[in-house]
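# just the structure for this:
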Amino acid sequence: MNRTFIKKFGGYAYIFPWVLSFVILMLIPLICLIIYSFTNYDLVSTPKWIGFENYIKMFTIDDEFWISLWVTTKYAVISVPLKLIISLAIAMLLNRPHKGLSIYRTLFYIPSIIGGSVAVAVMWKNLFARDGGFNDVLGVIFGVKPDISWVADPRTALGSIILLVLWQFGSTMIIFLAGLKNISDEYYEAAIMDGANKIQQFFRITLPMLSPVILFNLVMQIIGGFMVFTQGLIITNGGPDDKTLFYQLLVYNEGFVKLHMGYASALSVVLLIIISVLTAIVMRTSKHWVFYASEGR
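As a prediction, the model looks like this:
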């Protein structure tokens, strides 16, 4: 009786802590978020049900919603492909035998550990200021020091934040490196015997075999791209001229600065839908470009 019970319900006992934490930390907050999105709530008084007014305001009245959505989309479209390309390139370099290889891997990975911190954001803001170190370096290289604050100029503010994010390629690189380690050398040896050059090996072997890893990194970077917040808050605070008004920064301003928590909840629900749709599109189209060796495709 006891053995039968353990076989039947033992697995549920093991996953119960995860299920409990999922319900308490994710499911219940998600339900509350959706409910609050239909209310007028200021964190102090009792929420007042207002139906779809927050969503109507979002799509028809609030210009900042469209500005932040455009800024965040542009940021993601630029930063995600560049980060994947840089990460893969560095991973391929570190996949070759070199002296002190473990040291190089550590040095490349460190920015990912500290890159999202407030301290690094403040450092980056000072580095790209008018009298910052970046202009000093350009002055030494070109002989003329630029008279521009890269984080305060509407033309370059978003680009300076994208540079910070590209600097944090370490975690993505490590995942690519693990994928490269799992590609058998037999494929490359057979390709060399067939006369394939390095470029052909990359496009015919490396990319197809690495495509599941690319899929994972792509999905994670899309989610991260639309969740960017700290850099926009600390470095530019959404300026200048709303050029770095990221979506999450708008949610923060509405919820915790203006105390429009109901409206901020509606903004969060829309962001959740956007990320879910983009993820679903990537996953649905992955069958056309992701190669799984176990499935023979």
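
# can you give me the buried ones in the helix or strand residue 219 falls within?
Assigned by DSSP states H and E, residue 219 falls within helix 207-226. By 16 or more other Cβ atoms under 10 Å, the buried positions in helix 207-226 come out as 208-215, 217-219, 221-222, 224-226. C-beta coordinates here come from the backbone N, C-alpha and C atoms, glycine included.

# below-threshold pLDDT in this structure: ranges please.
By pLDDT under 70, the low-scoring segments of the chain are 1-8, 115-116, 293-297.

# tell me where the longest helix sits in it.
Longest helix in the chain by number of residues (criterion: DSSP state H): helix 63-94.

# ok, then the element right after it?
helix 101-114.

# give me the packing partners of that next one, helices and strands only.
helix 63-94, helix 170-181 (3 or more Cβ pairs under 8 Å, 6 or more residues apart in numbering; DSSP states H and E).

# what angle do it and helix 170-181 make?
If you take axes from the mean of the first three to the mean of the last three Cα atoms, to 10 degrees, helix 101-114 sits at 140 degrees to helix 170-181.

# how about helix 101-114 as CSV, C-alpha atoms only?
Output of helix 101-114 as CSV, limited to C-alpha atoms (Å, rounded to 0.1, in the frame of the first residue of the first chain):
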residue,chain,number,x,y,z
LEU,A,101,41.6,30.7,-22.2
SER,A,102,39.8,30.4,-18.8
ILE,A,103,41.0,33.9,-17.9
TYR,A,104,39.7,35.4,-21.2
ARG,A,105,36.3,33.7,-20.6
THR,A,106,36.1,35.1,-17.1
LEU,A,107,37.0,38.6,-18.3
PHE,A,108,34.4,38.5,-21.0
TYR,A,109,31.7,37.2,-18.6
ILE,A,110,32.3,39.7,-15.8
PRO,A,111,30.3,42.6,-17.5
SER,A,112,27.2,40.4,-17.5
ILE,A,113,27.4,40.0,-13.7
ILE,A,114,27.8,43.7,-13.0
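
# count of neighbours near the closest residue to residue 196 other than its chain neighbours?
Take residue 196 and drop its neighbours on the chain: the residue closest to it by Cβ to Cβ, 6 or more residues apart in numbering is residue 204, 6.7 Å away. For residue 204, the neighbour count with other Cβ atoms under 10 Å is 14.

# all further residue positions should be reported with the first residue as 20.
Okay, residue one is now 20; in that scheme the one you just asked about reads as residue 223.

# closest to residue 199 among the buried residues of helix 226-245?
residue 229 (6.7 Å; Cβ to Cβ).

# nearest residue to the closest one in space, please, no chain neighbours.
Per Cβ to Cβ, 6+ apart, closest to residue 229 is residue 198, 4.9 Å.

# again, but for residue 143
residue 183 (5.0 Å).

# tell me which element the one you found is part of?
Per DSSP H and E: helix 176-186 holds residue 183.

# okay, buried residues for stretch 280-300 please.
For stretch 280-300, by 16+ other Cβ under 10 Å, it's 280-290, 293-294, 297.

# and residue 258, what does it touch?
Contacts for residue 258 (Cβ atoms under 8 Å, 6 or more residues apart in numbering) come out as 171, 176, 264.

# touching, the second one and residue 261? I think so.
I take that to be residue 176. No - with contact defined as Cβ atoms under 8 Å, residue 176 does not count as touching residue 261 (10.1 Å).

# those two: which has the busier surroundings?
Ranked by neighbour count (other Cβ under 10 Å), residue 176 and residue 261 place residue 176 first, with 23 against 17.

# can you pull the contacts of that one?
169, 170, 255, 258, 259, 262, 263.

# how close does it get to residue 94?
Distance of residue 176 to residue 94, given as Cβ to Cβ, to the nearest Å: 11 Å.
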